[in-house]
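In: Provided below for reference: sequence and predicted model.
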Amino acid sequence: MISTKQPSPKPKNDNYARLANYIADASHEGEKCLMAWSAECMAGDDYQLGISEVLATQACNERTKKEKTYHLIVSFRPEDEEKLSKEDFKEIEKRFAEVLGFEEHQRHCGVHINTANPHMHVAYNMIHPEKKIRHAPYYDYWKRDELCRKLEQEYNIAIDPGRKQRHELRQYISARKDTIIPAVAAARTWEDVHASIAAYGVLLTCKNEVQFAPFEKSSRGCRIDGHEIHASINKTELEERLGVFQVKKKFYPTMESFAPSETKEETLKNEKAEALEAYTGQESFDGYLKRHKKIINRARESSSSWQEFRAALQDELNITIKERGRGAVIADLTVRGKNQPHAKLSSLGRGYSRAKLEVEFGTLKKLEEGRQAKPKRQYSSKPLHRDPERGELYQKYKVGIERRKRLFNEQKERREQETREQKLKWKIKIKKYRIDSTLSWKEKRYLVNAAKAEQLRHEELLKKKYAEQRTKIKEEIPYGNWNDFLRQQAEAGNTVALAVLQSSKTKEKTALKERAAVKLLEGMTYTVDNEGNITYKLKNGGVVRDNRKEIIATKDNEARSFAMKLRLRRFGRQICNQ
């Protein structure tokens, strides 16, 4: 579970009604909304009347110059949707309201299921309905984070992977604080403190605050502040008693050690590479590197110098590492010059920064030319979707996208030409009024102002005219990139497009030939996301999500029955009975 506060808009852009209608998905008749409700409104269950009530409340406070709406998003894992009922979602929202101090404030809430991860939106009115004063939560991040950890345990839902190790470390140390705290209190030097803590397989570090951290290199990012365990373990109090913080200088034996659960190594997102893949349907150089990260890891483990590491990378993937500014990049050796594909070294993960590699291999030196070994593989921007029927669909996409670009360019040229003509026309007309000697200065001022007002009106009409034309082009060709094209074709019932969209999941190559269950789709409302996951919305409001590895359903009987049919068709009777 992850909670996020959306960045506050400027006060002039703060629009509670627009946000509340978005939460209820009013513009699409609730297609992506599992449920929507309002709370603490005198209007009761009337959602729209509750919005009017909030706007009236906000209008009563004219003193504040800040925003009056707090927008909260709480994200869940796909498998959590099956565990949570509609009443559970309402109770979770109520708990967040209490923690943030909004329990008496009006709010509009909704659960959206249009993405792979179901998420809850909440719009809080920051103006108290009775006191008419603005409430802004202080240190709200820490309050929300602590509540998320509690709710994960209470509802038995997946723990946020970014917090799981930290949560485990806190539990580990808290269970031993009855012996750690007296030992720290009895210490006379910093070495005594390090010795007492090292006995439990953790160490003490200090930056802005004294922190506990595990010994394992893989868990360096997993730290907790000392004052979270006990108020006496804080930097100020310890330095007053022991002097300025000193790092550990000796090795101390341990009685037990902290063993965190394994987590996937974090890789940094490359938005430009993701956009390129979405628009072209072809693998980016960044995607090529991440797909072969295991090979890069093996090359790193088997090398003892930069020369060996670079040689292994060139032999395996035809890539190399070279300096760029203060950092380093991984570059493709197939292409040279300005158009050489490259990616940041740190895009492979935090462990691949230049500084960390230089600790292993020494100072990074300039690339030595002359190696002519033939590589086993090289980057060639292969299609992301490898279904054999991709070619015909891609040709259809190219015809449509080229027509879309041509129509937009033609419309842009016509608009620029007409805008220039309009400006020239009104410039001549205004100048004519100004030099007309038969008019008095009052008449000139009146006619010039009238002409400028008319010019603005014509400019608005011109904008509206071309906005309508752009809308017609988008309606005719509604997709802007390859992924959008496949998704829209799949939602229209094209099972080939659905299979091509799902074929980008390289781990599921055995299922490439599988087609959607056409008979089960008839008469169903469903959406498809950019990864080929299908979300079915049943008539009674139930939801079933098919992400190919598993089929997840809400708690109602109709959804479970439909999910069982899909499981039987996908996995077979034997697997379903296990």
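Out: Structure's in. What do you need?
In: CA only for contacts and neighbour counts going forward, please
Out: OK.
In: kindly export the helix or strand containing Arg560 (C-alpha atoms) in PDB.
Out: For Arg560, the element it lies in under DSSP states H and E is helix 557-571. The C-alpha coordinates for helix 557-571 follow below in PDB (Å, rounded to 0.1, in the frame of the first residue of the first chain):
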ATOM      1  CA  ASN A 557     -20.500 -14.300  -6.200                       C
ATOM      2  CA  GLU A 558     -21.000 -13.200  -9.800                       C
ATOM      3  CA  ALA A 559     -17.300 -12.000 -10.100                       C
ATOM      4  CA  ARG A 560     -16.000 -15.200  -8.500                       C
ATOM      5  CA  SER A 561     -18.100 -17.400 -10.800                       C
ATOM      6  CA  PHE A 562     -16.900 -15.500 -13.900                       C
ATOM      7  CA  ALA A 563     -13.300 -15.700 -12.700                       C
ATOM      8  CA  MET A 564     -13.600 -19.400 -12.300                       C
ATOM      9  CA  LYS A 565     -14.700 -19.800 -15.900                       C
ATOM     10  CA  LEU A 566     -11.700 -17.800 -17.000                       C
ATOM     11  CA  ARG A 567      -9.400 -19.900 -14.900                       C
ATOM     12  CA  LEU A 568     -10.800 -23.100 -16.300                       C
ATOM     13  CA  ARG A 569     -10.300 -21.800 -19.900                       C
ATOM     14  CA  ARG A 570      -6.800 -20.500 -19.200                       C
ATOM     15  CA  PHE A 571      -5.200 -22.900 -16.800                       C
END
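In: helices or strands up against it?
Out: Contact here means 3 or more CA pairs under 8 Å, 6 or more residues apart in numbering; DSSP states H and E; on that basis helix 557-571 packs against strand 543-546, strand 551-553, helix 573-576.
In: for the record, mean pLDDT for the first one?
Out: Spelled out, that is strand 543-546. Across strand 543-546, pLDDT averages out at 81.
In: just list what the longest helix seen in the chain packs against, helices and strands only.
Out: Scanning the chain for the longest helix, with DSSP state H as the assignment, gives helix 390-435. Contact analysis of helix 390-435 by 3+ CA pairs under 8 Å, 6+ apart lists helix 441-476, helix 482-491, helix 495-502 as its packing neighbours.
In: tilt between that helix and helix 495-502?
Out: 90 degrees (axes from the mean of the first three to the mean of the last three CA atoms, to 10 degrees).
In: centre of the chain to helix 390-435, how far?
Out: Mean-position distance between helix 390-435 and its chain equals 35 Å (CA atoms, centre = their mean, to the nearest Å).
In: ok, now stretch 313-320?
Out: Worked out by CA atoms, centre = their mean, stretch 313-320 lies 32 Å from the chain centre.
In: can I get that stretch in CSV, CA atoms only?
Out: C-alpha atoms of stretch 313-320 as CSV (Å, rounded to 0.1, in the frame of the first residue of the first chain):
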residue,chain,number,x,y,z
LEU,A,313,30.7,-6.5,-22.2
GLN,A,314,32.0,-6.1,-25.7
ASP,A,315,32.2,-9.8,-26.3
GLU,A,316,28.7,-10.5,-24.9
LEU,A,317,26.6,-7.4,-25.9
ASN,A,318,28.9,-5.2,-28.1
ILE,A,319,28.7,-2.4,-25.5
THR,A,320,31.2,-0.4,-23.5
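In: adjust the sequence numbering to begin at 31 for everything that follows.
Out: That works, and once the first residue is 31, the last one we named lands at stretch 343-350.
In: follow-up on the earlier one: out of the helices and strands packed on helix 420-465, which one sits most buried?
Out: helix 525-532 (a mean of 25; mean count of other CA atoms under 10 Å).
In: show me what it is packed up against.
Out: Helix 525-532 sits against helix 420-465, helix 512-521, with contacts defined as 3+ CA pairs under 8 Å, 6+ apart.
In: out of those helices, which gets the lowest mean score?
Out: helix 512-521 (a mean of 84).
In: what does that one contact?
Out: 308-311, 424, 427, 509, 526-528, 530-531, 556-560, 562 (CA atoms under 8 Å, 6 or more residues apart in numbering).
In: which of these are buried?
Out: Among those, the ones that count as buried by 16 or more other CA atoms under 10 Å are 308, 310-311, 424, 427, 509, 526-528, 530-531, 556-560, 562.
In: now the helices for the stretch 231-380 of the chain?
Out: In the stretch 231-380 of the chain, the helices defined using DSSP state H, counting those that start in this stretch lie at 265-272, 301-310, 315-321, 323-331, 336-347.
In: closest to Lys567 out of the ones you listed?
Out: Nearest of these to Lys567, taken as CA to CA: helix 301-310 at 26.3 Å.
In: relative to helix 420-465, how tilted is that closest one?
Out: 110 degrees.
In: what packs against helix 301-310?
Out: Here helix 301-310 touches helix 315-321, helix 512-521, going by 3+ CA pairs under 8 Å, 6+ apart.
In: A helix includes Cys139, no?
Out: No - under DSSP: H, G, I helix; E, B strand; the rest coil, Cys139 sits outside any helix and is assigned strand.
In: count residues in the vicinity of the nearest residue to it once chain neighbours are set aside, would you?
Out: Nearest non-adjacent residue to Cys139, counting by CA to CA, 6 or more residues apart in numbering: Val152, 4.4 Å away. Counted by other CA atoms under 10 Å, the residues lying close to Val152 total 26.
In: Lys279 now?
Out: By other CA under 10 Å, the residues close to Lys279 number 9.
In: before we move on, what about Pro159?
Out: Pro159: 21 surrounding residues under other CA under 10 Å.
In: likewise for Asn238?
Out: Neighbours of Asn238 (other CA under 10 Å): 8.
In: just the element for the residue nearest to Cys139, please.
Out: Going by DSSP H and E, Val152 is part of strand 149-155.
In: note down every partner strand of that strand and its orientation.
Out: Sheet partners assigned to strand 149-155 using DSSP bridges are listed as strand 99-105 (antiparallel), strand 137-142 (antiparallel).
In: and that strand, what's buried?
Out: Along strand 149-155, these residues count as buried under the neighbour rule (16+ other CA under 10 Å): His149, Met150, His151, Val152, Ala153, Tyr154, Asn155.
In: need the contact list for the residue lying closest to the third one once chain neighbours are set aside.
Out: Going back to what we said before, that points to His151. Among residues not flanking His151 along the chain, Ile103 sits closest, at 4.7 Å (CA to CA, 6+ apart). By CA under 8 Å, 6+ apart, Ile103 lies in contact with Ser33, Thr34, Lys35, Gln36, His149, Met150, His151, Val152.
In: beta partners for Ile103?
Out: Under the criterion used (DSSP bridges), Ile103 bridges to Thr34, His151.
In: for it, give its distance to Asn147.
Out: Distance, Ile103 to Asn147, by CA to CA, to the nearest Å: 12 Å.
In: can you check Glu184 too?
Out: 20 Å.
In: between the two, which is the more surrounded one?
Out: In terms of neighbours (other CA under 10 Å), Asn147 is the more surrounded of Glu184 and Asn147; the figures are 14 against 9.
In: just the pLDDT for the more buried one.
Out: 83.
In: tell me the SS of it?
Out: Three-state call for Asn147 (three-state DSSP): coil.
In: same deal with Ser82?
Out: With three-state DSSP as the criterion, Ser82 reads helix.
In: burial count for it?
Out: The burial count for Ser82: 14, using other CA under 10 Å.
In: please apply the same query to Arg328.
Out: Around Arg328 there are 13 residues (other CA under 10 Å).
In: confidence score at it?
Out: For Arg328, pLDDT reads 89.
In: how close does it sit to Val365?
Out: 25 Å.
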